[in-house]
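> The following comprises the amino acid sequence and a computationally predicted model.
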Amino acid sequence: MSLPPTTRAARLLTAAGLLLLAGCAANGVEERRDRGLPDGVEWNDVIDRPVVLRGDEQGRVVFVAYGSGSCPVLVHDVTWEDDDHVVLTARRTVPPFSACTSDLAPMTSVLDLSAHDDGGPLTVAVEFPGYPDMDFTTELPAADWQ
């Protein structure tokens, strides 16, 4: 039995919409994600590489990257090497069956590291599997929320 063309089109559009929404949802490592820049970060700070900084709340670290709205650069894994050294694994997220759009903009992700982060100085290494020339390490000062 064949479905009418309007029913097939409606199902296809519904599936496409759900895939787009899935691409915007937090990925399990993030507490939340917003388009745009957090206070104190300028456009030119994130054009060449992402920025990592302390969040305003206890145990929060902010990851800001510039890229496509439908295929953002996101942190997908957090590994603690030591009490004061964390590795964030980041990569471009491409939802299945979709193309990356050219709506380039900064994306801010808030990561909850409160289970291990005591608020002291923190070394954050950001790794991009397959793109080692993009890897970087930054030293975050002790948090103000202590």
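That came in fine, so what should we check first?
> remind me which residues of the chain are low pLDDT?
Low-confidence segments of the chain, defined by pLDDT under 70, are located at 1-28, 146.
> so where's the longest strand in it?
strand 73-82 (DSSP state E).
> For that one, list the C-alpha coordinates in CSV.
Presented in CSV, the C-alpha positions along strand 73-82 are these (Å, rounded to 0.1, in the frame of the first residue of the first chain):
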residue,chain,number,x,y,z
VAL,A,73,32.2,22.5,17.5
LEU,A,74,31.4,20.9,20.8
VAL,A,75,33.1,19.2,23.7
HIS,A,76,32.2,15.5,23.5
ASP,A,77,34.3,14.0,26.2
VAL,A,78,35.9,15.2,29.5
THR,A,79,38.8,13.2,31.0
TRP,A,80,40.5,14.2,34.2
GLU,A,81,44.3,13.5,34.0
ASP,A,82,44.9,14.8,37.6
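> List the buried residues in the helix or strand following that strand.
Next along the chain after strand 73-82, taking DSSP states H and E as the criterion, comes strand 85-92. When neighbours are counted by 16 or more other Cβ atoms under 10 Å, the buried residues of strand 85-92 are found to be 86-91. Every residue, glycine included, has its C-beta placed from N, CA and C.
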